[in-house]
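# With the sequence up front, the predicted model follows.
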Amino acid sequence: MTAHTPSRLVAHPSRLKTDNPPQLPGDKSISHRALICAGLATGTSRIHGLLEAHDVIATAGAVSALGAPCRKLENGTWQVNGHGAWQTPNQNLNLANSGTGARLLLGALAGQKLSATVCGDDSLSARPMKRVITPLAKMGAELHARQDEYLPVHIKGRRRLAPIDWRMRQASAQVKSAIMLAALAAPGETRITEPRPSRDHSERILPLFGADIAVSEPAEGEESAGRMICVRGECELRGAEVWVPADPSAAAFVVVAHLLAGEGDLTLRGVGVNPHRVGLFTCLREMGAEIEFTPANKNGAASGGEPVADILVRPFARAPEGVRVDARRAPAMIDEYPVLAVVAAAARGVTRLEGLAELRHKESDRFAAILRLAGAAGADAAREDGDAIEVRGCGGPPAGGGCIDAGGDHRIAMSALVLGLGCRRAVEVSGAEWIATSFPDFVGTFSALGARIEATD
């Protein structure tokens, strides 16, 4: 179902063409949410453009095990048959490497009258779950975790939860979404206040299935009050039809590769450009990139309220400029810092990336991995400064060479391969098989653009 990716790959310096504009994979965040919402709904849902990567397939398997069968039709569309209530599964719900799938599923399970155990692979089992467990327990669900924080988590849900007013200490789309899904089973209103806006895919897609969601933005000058999401519970979700846009996080790798090693103009079609996901593109423009968005919404409300655009990219005419990336931008590009570090290695001057504490708790310690990436590139200097990283770039194609261990992290593996395409010497990547968790046809996509990426197994 998903493409096989060899464990060791070498990316050679390449010149990328625009003859075959790539078909990008569907958005991972929206794919998870579409499956879970469809599974909770009554009736049939159809999902077009679902990302068929390991993480998302794991979520589909969990939803199916709960009594809402998910299957792929002959035309490539995925169909989910929901019955409005889940049943106790006959097996543990294994979410593989997906933090999004695990945390959102715990929220949905909290409002179901059943018992289940959510587990994952070794990497996911080392990632903290307490930020989700605490509010769900306050709403009335029973959760028992390993060392009170880690998977596996055994959860006993309730058909009727208690609404809460929850003020989040740090912005987290996963925690917010878990509470929102649980709130569907709570009478009255559940209010969630976040200190800074995070990805709002749940706020956009839930109303498509019939949920009653209201969002209040802080008044000008009162930003410290936070953004509030209100969920009115006990409404019945209905099956829906969803078009999943292309993933901007996947597009990021193609965009950066084309900026550093491309020829001519490249257009990427139908990419999601949610305002809380495009921080990388803002940074790249500040560094001198020419990137243009042309609105391309064709399915109206069926896209879950997500803005979609065609993205035109022109290669850097000269070396990019180093920039300071403020911590307030982190929620809009938390997954893109590794590939931004690749650009920083080629930039003139210093690029300072601030507010990166969350990166220590992703699929790997991405904070440390970014330092390794910049060092492997041959950047003049890369150093840690509290929760910030400073990279002094080469002012041109980095030297490259050597081998980078992805450390079980798909985004580090892909960033390292993009690095190799724009360096003076090839870069070898070990642990490349993890790419299949989010971008199964990464190698095929880049090969069609003229990239030289070879397996060494």
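Ah, there it is. This structure is a prediction, so every number in the text was calculated from the model and none was measured.

# what's the straight distance from one end of stretch 356-365 to the other?
Counting by Cα to Cα, to the nearest Å, you get 11 Å between the two ends of stretch 356-365.

# Now for the nearest residue to residue 281 once chain neighbours are set aside, how many residues are close by?
Once flanking residues are discounted, residue 281 sits nearest to residue 291: 5.4 Å by Cβ to Cβ, 6 or more residues apart in numbering. Backbone N, C-alpha and C define where each C-beta goes, glycine included. Counted with other Cβ atoms under 10 Å, the neighbours of residue 291 add up to 17.

# what residues are up against residue 216?
227, 228, 229, 230 (Cβ atoms under 8 Å, 6 or more residues apart in numbering).

# where does the stretch 301-450 of the chain dip in pLDDT?
301-304, 361-364, 378-383 (pLDDT under 70).

# sorry, back to before: among the contacts of residue 216, which ones are buried?
Among these, the ones that count as buried by 16 or more other Cβ atoms under 10 Å are 227, 228, 229, 230.

# mind listing which of the residues you listed are in strands?
If you go by DSSP state E, these have 227, 228, 229, 230 in strands.

# Dump these to TSV, plus pLDDT and distance to residue 78.
What follows is these, written out as TSV (pLDDT from 0 to 100; distance: Cβ to Cβ, whole Å):
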residue	pLDDT	distance to residue 78
227	92	32
228	96	33
229	98	27
230	98	30
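
# What is the nearest of the residues you listed to residue 118?
residue 229 (23.6 Å; Cβ to Cβ).

# So for stretch 34-51, what gets flagged as buried?
Buried-residue list, stretch 34-51, by 16+ other Cβ under 10 Å: 34-43, 45-51.

# ok, which stretches of this structure are helices?
28-40, 54-65, 99-110, 130-138, 173-183, 201-205, 248-261, 279-286, 337-346, 366-377, 410-422, 442-448 (DSSP state H).

# Give me the phi and psi for residue 73.
As for residue 73, its main-chain torsions (degrees, to the nearest 10) stand at phi -80, psi 170.

# List the contacts of it.
Residue 73 is in contact with 46, 79, counting by Cβ under 8 Å, 6+ apart.

# change the start of the numbering to 15 and stick with it
I'll keep to 15 as the first residue from here, and by that count the last item is residue 87.

# Give me the pLDDT value at it.
Residue 87 is assigned a predicted lDDT (pLDDT) of 98.

# roughly how far apart are it and residue 42?
Distance, residue 87 to residue 42, using Cβ to Cβ, to the nearest Å: 21 Å.

# ok, now residue 335?
Shown here: residue 335 relative to residue 42, a distance of 31 Å by Cβ to Cβ.

# So which of the two has more stuff around it?
Shown here are residue 335 and residue 42; by other Cβ under 10 Å, residue 42 has more neighbours (25 against 16).
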